[in-house]
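Peer 1: Show me the folded form of this:
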Amino acid sequence: MSAAAKTRGPVLAGAQLIELSASDVLIPERVGFFHEDKAAALGRLMAVDGQRDPIKVVRNLPSKAIADLVAEGKQPWKLVTGMHRLMGASYESIPVFAIEVSGKAEDLADLEASENLHRRPLGPIERAKFTAALVKAAQERIAREHGTLSQHKLGARARWERVARQEIGAEEALTEETSDAYDTMSQAYGWQESVADALGLTPRTIQRDLELYRLVIEPFPELAEALSRHPVVGENASQLRKIAQVRDEADRRAVIEALLADAEIGADDARISAGVDSERGVAPTPTQKHTNAITSGWSRLSVPEQRRFLPRFVGLLTPGMKADLRKLLEEEKG
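Peer 2: Purely as a prediction, here's the structure:
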């Protein structure tokens, strides 16, 4: 582990950061529970990648100079938020970066409670991006040390190109990539299984995250964020898996687009709309898939856009089709 990695801190505009020794910070009675493995996992990430989020502290013993208090073995600072980051830094014997805050005791208690209350869990799509980024960072770190990055990149690219050509199944590719990813992160961060589990980075969760990343996020980056906000599917991992399980990439895009066109449907209905499935559970014919795609595409246009398209639509019709259309419109009017 390099000295640079140990001292690298967060970059925050307008914030006055203090570099502290973990032993100089008093931990008072806390609102939340302490999870040792989570602290160990965060400490390992901070030691290798640097600290991204500062803790918050108040002055604990303001009557003397900080240096004098430290020399006397006293703790001049008191923790407000960030217990797991502080303890993680302590486990790794690295400094911790902090922001000094002030206020009445009740205000500080409210700050601690609010930070924990508002620290939202990652949704499935955001979490998948986080896991993929963590795997990539670990691969690149090992490559810098051992010169194997090109092999990792070429191997992954070739694997997913074969999936796109349907030469191998996504499940086979994911099994191989998950094994590589778990070994790589274990090597890069040097953590035990229980520590990885504390961040939810078990082989099973890594595979689910990489499945979503490789099959839904990476191929369609322009759609992923909007999909994450879909009221029915965006926060539902099992619904998102139904999208990832569509073998053909073009069909997968059509399913996502069908969802984005209708905020009230789920993945099953979107698969039917895109022509991947039928209501009877029988695989649709190529003709069904094309007609479903036309219907789905038309429904995604606004009324003004549909009106602007009408001249082009009429131009696609044969004379016989135009006659049929006139007849249908007359019957509709009658």
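Peer 1: need the strands for this protein, in chain order.
Peer 2: Using DSSP state E, the strands assigned to the chain run over residues 17-20, 25-26, 55-59, 77-81, 96-100.
Peer 1: Partner strands of the last one, with direction?
Peer 2: Meaning strand 96-100. Looking at strand 96-100 with DSSP bridges, its partner strands are strand 17-20 (antiparallel), strand 55-59 (parallel).
Peer 1: Turn the ones you listed into CSV, including mean neighbour count.
Peer 2: Bear in mind the C-beta positions are built from the backbone N, C-alpha and C, glycine included. CSV is the format used below for these (neighbours: other CB atoms under 10 Å):
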stretch, mean neighbour count
strand 17-20, 16
strand 55-59, 19
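Peer 1: ok so, going back, tabulate the strands of the chain (CSV), appending distance to residue 325 and mean pLDDT.
Peer 2: Below are those laid out as CSV (distance: least, CB to CB, whole Å; pLDDT from 0 to 100):
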stretch, distance to residue 325, mean pLDDT
strand 17-20, 69, 90
strand 25-26, 76, 92
strand 55-59, 68, 90
strand 77-81, 66, 90
strand 96-100, 68, 93
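Peer 1: May I see those strands organised as CSV, with distance to residue 128 added?
Peer 2: Listed next are the strands of the chain as CSV, based on distance: least, CB to CB, whole Å:
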stretch, distance to residue 128
strand 17-20, 31
strand 25-26, 34
strand 55-59, 28
strand 77-81, 27
strand 96-100, 28
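Peer 1: Figure out which of those is closest to residue 44.
Peer 2: Of all these, it is strand 96-100 that lies closest to residue 44, at 14.0 Å by CB to CB.
Peer 1: tilt between that closest one and strand 77-81?
Peer 2: With axes from the mean of the first three to the mean of the last three CA atoms, to 10 degrees as the criterion, the two stretches strand 96-100 and strand 77-81 enclose an angle of 90 degrees.
Peer 1: distance of residue 313 from residue 305?
Peer 2: When CB to CB, to the nearest Å is the yardstick, residue 313 and residue 305 sit 12 Å from each other.
Peer 1: Check residue 327 too.
Peer 2: To residue 305, residue 327 is 26 Å away according to CB to CB.
Peer 1: got it, and residue 39?
Peer 2: When CB to CB is applied, the distance between residue 39 and residue 305 equals 54 Å.
Peer 1: cool, and residue 299?
Peer 2: The gap separating residue 299 from residue 305 is 11 Å, by CB to CB.
Peer 1: before we move on, the earlier item: tell me which of the strands of the chain lies nearest to residue 112.
Peer 2: For residue 112, the closest of the strands of the chain is strand 77-81, at 5.4 Å, according to CB to CB.
Peer 1: Buried residues of that closest one, list them for me.
Peer 2: By neighbour count, and taking 16 or more other CB atoms under 10 Å as the criterion, the buried residues in strand 77-81 are 77, 79, 80, 81.
Peer 1: ok, now which ones touch the last one?
Peer 2: Neighbouring residues of residue 81 by CB atoms under 8 Å, 6 or more residues apart in numbering: 55, 56, 111, 112, 115, 116.
Peer 1: Walk me through the domains of the protein.
Peer 2: Under the assignment automatic domain parsing, the domains of the chain span 3-118, 124-218, 249-329.
Peer 1: about what we covered before: same list, the contacts of residue 81, but as CSV with distance to residue 294 please.
Peer 2: What follows is the contacts of residue 81, written out as CSV (distance: CB to CB, whole Å):
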residue, distance to residue 294
55, 56
56, 56
111, 55
112, 56
115, 50
116, 50
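Peer 1: Find the pair from the residues you listed with maximum spatial separation.
Peer 2: Spanning the widest gap among the contacts of residue 81 are 55 and 116, at 13.1 Å by CB to CB.
Peer 1: Helices along the stretch 201-334 of the chain, start to end?
Peer 2: If DSSP state H, counting those that start in this stretch is used as the criterion, the helices of the stretch 201-334 of the chain fall at 203-212, 221-228, 237-244, 249-261, 267-273, 286-299, 303-315, 319-333.
Peer 1: what's the fifth one in contact with?
Peer 2: The set of residues that contact helix 267-273 without belonging to it, under CB under 8 Å, 6+ apart, is 233, 239-240, 242-243, 246, 255-256, 258-259, 262, 265, 277-279, 292, 295-296.
Peer 1: Buried ones in that helix, by neighbour count?
Peer 2: By neighbour count, and taking 16+ other CB under 10 Å as the criterion, the buried residues in helix 267-273 are 267, 269, 270, 271, 272, 273.
Peer 1: next one: stretch 168-184
Peer 2: Within stretch 168-184, the residues scored as buried using 16+ other CB under 10 Å are 170, 173, 174, 177, 178, 180, 181, 182, 184.
Peer 1: just stretch 44-53 next, same as before
Peer 2: By 16+ other CB under 10 Å, the buried positions in stretch 44-53 come out as 44, 45, 46, 47, 48, 49, 50, 51.
Peer 1: Kindly provide the distance from the first one to residue 213.
Peer 2: Right, the one you point to is residue 44. Where residue 213 is concerned, residue 44 sits at a distance of 22 Å (CB to CB).
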